[in-house]
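[1] Below: sequence and its predicted model.
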Amino acid sequence: MSVQAMKRALLVLCCVLSVALMAAQAWAAPQKKAKARSQAPVVRDGEAEARLLEVYRLIGQAQGRQALAKAEALVTEHPNFQLAQLVYGDLLASQSRPLRALGDVPDAVAKSGAQLLSDLRDESALRIRALRERPPAGTIPAQFLQLSMRNKHAIAIDSSRARLYLFENTGGELKLLADYYISVGKSGIEKAVEGDLRTPLGIYFVTSNLDPKSLKDFYGVGALPINYPNPYDARRGKTGGGIWLHGTPPAQFSRAPKATDGCVVLANPDLQRIIRTVEIRTTPVVIADKLNWVTPQSVQPDSRRFADTLQAWRAAKASADMTRLLAFYSADFSFYGKNLAEWTPALRSELDKARGRDIQLKDVSYLHWTDSADTMVVTFGEVPEGARSGPVKRQYWLRQGTQWKIFFEGVIG
């Protein structure tokens, strides 16, 4: 290898390892948050990734000089973007020799930094895949059977693509606003027990927006907790908690695809967009192994069929016939430790207060989840006849044979 080539190879190593060191220092040593954030570059969500993908495009078109210039500008503005640093180093090295692969550093260096290189190559492949495999226009994730006007936004996560999709709900129609690269648990997905380093799969809701001033720098610009474990998780004996959507330390732009303790982690500019956009308590978060994209029209038959079931439940409750009403509840119904028999007096009390008045269901949403079983998460406002408002309830239904049964019901607002 020539002296010039060796120098450039060493530059590749320095670029990557210096950023890795910055990230390690950010994790190990506390920093003053206000100072770190005031020094952070101002960037729009998705902008840095778009610029990196433009570099890839130029490389694919054999426009190496233009790619190098854009890569240099990107790492100058975002020195903590490890993947961009790696691509920049490759472009520098390519001026003196052909490249064999992304992160084409000397063999000894590759061996000592094998895990870091592997993680960056995986991140690169997933970002490129997301660009090439866009959701078909006009499609939605199959879980979003029906959203109400209260669900102004929705989030869907495809862990196989390391991607989060942000939607806006306008007049009952979902519009894809943006999508972002994410990191999930070190051990992958399908969380089962506390400490298993996995990200849960299922239907959740944003429960709060944590003040960044109360958080360590490790969590970046903020955090949005979700309600894991939900009643379906609890029914299956899943444990753990503290699952958040959160950002990255100041010295780290993004993390490896599998790098968290179970949370979903985004680049800070991307998380800021989500925090500014979504509402707590009403924003659903679907986390799936692989999203199934369908047309809105294709889910309407399932939505109508379930609407008939829910209306039958409403009619049974309005009738004040306890036997008829209890037929809609699963024998193993559970309400925070109470079984059906122990919870029934509360249901009877509701019927007594209603005094036979009809009820209306308003702002109804259905979210459909299928794994080893078929479940439905239903949220609605229950308004007695003559009243202007009523409690907001959430029910979890399970398909048992040909029938749907409620296994959890609670007031959420």
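    In hand now; what should we look at?
[2] So residue 393: helix, strand or coil?
    Under the three-state scheme (DSSP: H, G, I helix; E, B strand; the rest coil), residue 393 adopts strand.
[3] Quick one: residues contacting it.
    Contacts here follow C-beta atoms under 8 Å, 6 or more residues apart in numbering; on that basis residue 393 touches 379, 380, 381, 382, 409, 410, 411, 412. Yep, even glycine has a C-beta here, placed from its N, CA and C like the rest.
[4] can you map out the strands along the stretch 51-200 of the chain?
    Applying DSSP state E, counting those that start in this stretch to the stretch 51-200 of the chain gives strands spanning 140-141, 144-146, 153-158, 163-170, 173-181, 184-185.
[5] Which residues does stretch 179-188 contact?
    Outside stretch 179-188, the residues within contact range by C-beta under 8 Å, 6+ apart are 45-46, 49, 123, 126-127, 130, 157, 159, 162-166, 191, 196-199, 254-267, 270.
[6] okay, it in CSV with CA atoms only?
    Extracted in CSV, the C-alpha atoms of stretch 179-188 (Å, rounded to 0.1, in the frame of the first residue of the first chain):
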residue,chain,number,x,y,z
ASP,A,179,-40.8,8.1,8.3
TYR,A,180,-37.6,7.7,10.3
TYR,A,181,-34.8,5.2,11.0
ILE,A,182,-35.0,3.7,14.5
SER,A,183,-33.1,1.4,16.9
VAL,A,184,-34.8,-1.4,18.9
GLY,A,185,-33.7,-3.8,21.7
LYS,A,186,-30.3,-5.4,21.8
SER,A,187,-31.9,-8.9,21.8
GLY,A,188,-34.5,-7.9,19.2
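[7] rounded to a whole number, what's the mean pLDDT of that stretch?
    Average pLDDT, stretch 179-188: 98.
[8] now, which of the contacts of stretch 179-188 lie within helices?
    49, 123, 126, 127, 130, 270 (DSSP state H).
[9] how about those in JSON lines, adding distance to residue 144?
    Shown next, in JSON lines, are those (distance: C-beta to C-beta, whole Å):
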{"residue": "49", "distance to residue 144": "25"}
{"residue": "123", "distance to residue 144": "28"}
{"residue": "126", "distance to residue 144": "23"}
{"residue": "127", "distance to residue 144": "25"}
{"residue": "130", "distance to residue 144": "20"}
{"residue": "270", "distance to residue 144": "21"}
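[10] Please convert the buried members of those into PyMOL selection syntax.
    Entered in PyMOL, the line below selects the buried ones among the ones in helices among the contacts of stretch 179-188, by 16 or more other C-beta atoms under 10 Å:
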select buried, resi 49+123+126+127+130+270
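[11] Take the ones in helices among the contacts of stretch 179-188 and write them to JSON lines, including distance to residue 345 and pLDDT.
    As requested, these are exported to JSON lines (distance: C-beta to C-beta, whole Å; pLDDT from 0 to 100):
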{"residue": "49", "distance to residue 345": "55", "pLDDT": "96"}
{"residue": "123", "distance to residue 345": "54", "pLDDT": "97"}
{"residue": "126", "distance to residue 345": "52", "pLDDT": "96"}
{"residue": "127", "distance to residue 345": "55", "pLDDT": "95"}
{"residue": "130", "distance to residue 345": "52", "pLDDT": "89"}
{"residue": "270", "distance to residue 345": "48", "pLDDT": "97"}
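[12] of all the ones in helices among the contacts of stretch 179-188, which comes closest to residue 69?
    The shortest gap between residue 69 and any of these belongs to residue 49, at 18.3 Å (C-beta to C-beta).
[13] Tell me which of the strands of the stretch 51-200 of the chain sits nearest to residue 53.
    Closest to residue 53 of the strands of the stretch 51-200 of the chain, according to C-beta to C-beta: strand 173-181, at 10.7 Å.
[14] Please pick the buried ones from the contacts of residue 393.
    Buried members of those, counted by 16+ other C-beta under 10 Å: 379, 380, 381, 382, 409.
[15] Quick check: the two most widely separated of those?
    Taking C-beta to C-beta, the two most distant members of the buried ones among the contacts of residue 393 are 381 and 409; they sit 14.0 Å apart.
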